[in-house]
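# Got a predicted structure here, sequence first:
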Amino acid sequence: TEEHLLPIFYGGKDFQIQGYVGKPEIARTSRENQYLFINGRSIKSGSLSHAVKEGFQTLLPHGKYPLFIIFLTIEPQYIDVNVHPRKTEIRFQNQGEL
């Protein structure tokens, strides 16, 4: 429900992030409820999923993963969508910055 979600927003020069992350008390034992969209395309990104989890640091027990739905808008020249045949994975030019 809405009270278990935290809105997120970052409006930078090269990329924008908006969406919701679940509070630690609704974390799950799998990454099943993690949704990431880049420029409107649904993708999987282990590195971005890990980054969200790291944002929680010690708030999540071992073996638990945050729920999230994140929409990232980024200039196309900063990403490579030709990593996976179905284009469900993306490589970032400056992944560390992101």
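Arrived safely, thanks for sending. Residues are numbered from 1 along each chain as shown.

# show me where pLDDT drops low in this structure?
For the chain, applying pLDDT under 70 flags the ranges 80-98.

# all strands of it, in order?
Counting by DSSP state E, the segments of the chain that form strands are 5-11, 15-22, 34-38, 41-43, 68-74, 79-80, 91-92.

# Indicate which one of those strands is closest to V52.
V52 lies closest to strand 68-74 among those, at 5.6 Å (Cβ to Cβ). Quick note: C-beta positions are derived from backbone N, CA and C, even for glycine.

# The closest one pairs with which strands?
Partners of strand 68-74 in the sheet, by DSSP bridges, are strand 15-22 (antiparallel), strand 34-38 (parallel).

# Can you lay out the strands of the chain as a markdown table showing distance to L59?
Listed next are these as a markdown table, based on distance: least, Cβ to Cβ, whole Å:
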| stretch | distance to L59 |
| --- | --- |
| strand 5-11 | 12 |
| strand 15-22 | 11 |
| strand 34-38 | 16 |
| strand 41-43 | 26 |
| strand 68-74 | 14 |
| strand 79-80 | 30 |
| strand 91-92 | 26 |
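
# what about E25, distance to Q16?
As judged by Cβ to Cβ, to the nearest Å, E25 and Q16 stand 28 Å apart.

# Between those two, which has more neighbouring residues?
More crowded of E25 and Q16, by other Cβ atoms under 10 Å: Q16, with 13 against 9.

# In contact with the residue nearest to that one when sequence neighbours are not counted, which residues?
Spatially, and ignoring its direct neighbours in sequence, Q16 is nearest to T73 (4.6 Å; Cβ to Cβ, 6 or more residues apart in numbering). Counting by Cβ atoms under 8 Å, 6 or more residues apart in numbering, T73 makes contact with F15, Q16, I17, I38, N39.

# now, which of those sits nearest Y65?
Closest approach to Y65 among the contacts of T73 (Cβ to Cβ): I17, at 18.6 Å.
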